[in-house]
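# need a structure here:
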Amino acid sequence: MTHMPPTPGAADIAERVVGRTGQLLAVLGVAAFAVTLSSTVLGVLARFFALRGLEWTFEVAAIGFLWTTFLGAALAETRGENVAFALFSDRARGGLKRALRIGAAVVLAVLAVKLAWSAGLVVNRSGHVPTPLLRWPNAVISLSLLAFALAAMLIAGCRIVSALRDDNEPSAAPADGETGR
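Numbering: from 1, shown residues only. A predicted model of the protein is given here:
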């Protein structure tokens, strides 16, 4: 007799979305860190050997650092490693624990929407202004905040769905020979 895997519920799908988002953020964060590190090293070497024309490396390092910071903060949020008030939620049980999870996700969502709004305004008002050395649009800096805000909104939405659906979805029946523990 073959065992059909259970159809994933909304909570499972939400958890997978957060997991995939975390993987994408990790890859992008490593790339941003590599840009930051290589630009910094190149800038240091240029100063040490008095090489001209590489002044832009510190601007690229600063932009890479901002992207690394915001991507890292979003990645930490996908893993639940960001700032949290675990003192109460870790001790809570049942409905209270669920309410605290939903409340924290709603707060994250509200803050993320405010950040996205603010970042959108900054990009709209000054995104076209060139950076000092490379003359890139200033949006390359401001979009890092917008990317963080959008990731935080996605994470918050998935957490709300997961918390709401955890108790509403029937648990999968154990496969033959499994005890379900």
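# mean confidence (pLDDT) on stretch 66-85, please.
Averaging the model's pLDDT scores along stretch 66-85 yields 89.
# and residue 137, its phi and psi?
Residue 137 adopts backbone torsions of phi -60, psi 140, taken as degrees, to the nearest 10.
# helices or strands up against the helix or strand of the chain with the lowest mean pLDDT?
In the chain, no helix or strand scores lower on mean pLDDT, DSSP states H and E than helix 86-89, which sits at a mean of 76. Using 3 or more Cβ pairs under 8 Å, 6 or more residues apart in numbering; DSSP states H and E as the contact definition, the elements that helix 86-89 packs against are helix 94-126. Where you see a C-beta, it was placed from the backbone N, CA and C, and this is true even at glycine.
# so the helix or strand following the helix it packs on versus helix 94-126, what angle?
On the C-terminal side of helix 94-126, the nearest following helix or strand under DSSP states H and E is helix 139-166. Helix 139-166 and helix 94-126 meet at an angle of 160 degrees, taking axes from the mean of the first three to the mean of the last three Cα atoms, to 10 degrees as the criterion.
# mind showing which ranges of this structure have poor pLDDT?
1-7, 84-85, 167-181 (pLDDT under 70).
# try it again at 90.
Counting by pLDDT under 90, the chain has low-confidence residues at 1-12, 80-92, 94, 97, 101, 132-134, 164-181.
# count the residues that sit near residue 20.
By the measure other Cβ atoms under 10 Å, the count of residues near residue 20 is 11.
# residue contacts, the residue lying closest to residue 143 once chain neighbours are set aside?
Distances taken as Cβ to Cβ, 6 or more residues apart in numbering place residue 123 nearest to residue 143, at 6.5 Å, with adjacent residues excluded. Taking Cβ atoms under 8 Å, 6 or more residues apart in numbering as the contact definition, residue 123 lies against 139, 142-143, 146.
# among those, which one has the most neighbours?
Counting neighbours by other Cβ under 10 Å, the top entry in those is residue 142, with 22 neighbours.
# is it true that that one touches residue 121?
No - look at residue 142 against residue 121 with Cβ atoms under 8 Å: they stay out of range, at 9.3 Å.
# now the spatially most central residue of the chain: how far from residue 68?
Central residue of the chain (Cα atoms, centre = their mean): residue 74, 2.3 Å from the mean position. Counting by Cβ to Cβ, to the nearest Å, the gap between residue 74 and residue 68 amounts to 11 Å.
# report the distance from the lengthiest helix in the chain to the chain centre.
Longest helix in the chain by number of residues, with DSSP state H as the criterion: helix 10-48. Put simply, helix 10-48 sits 10 Å off its chain's centre (Cα atoms, centre = their mean, to the nearest Å).
# report the angle between the axes of the helix or strand that comes right after it and helix 10-48?
Moving toward the C-terminus from helix 10-48, the next helix or strand (DSSP H and E) is helix 57-78. Between helix 57-78 and helix 10-48, the angle comes out at 160 degrees (the same axes, to 10 degrees).
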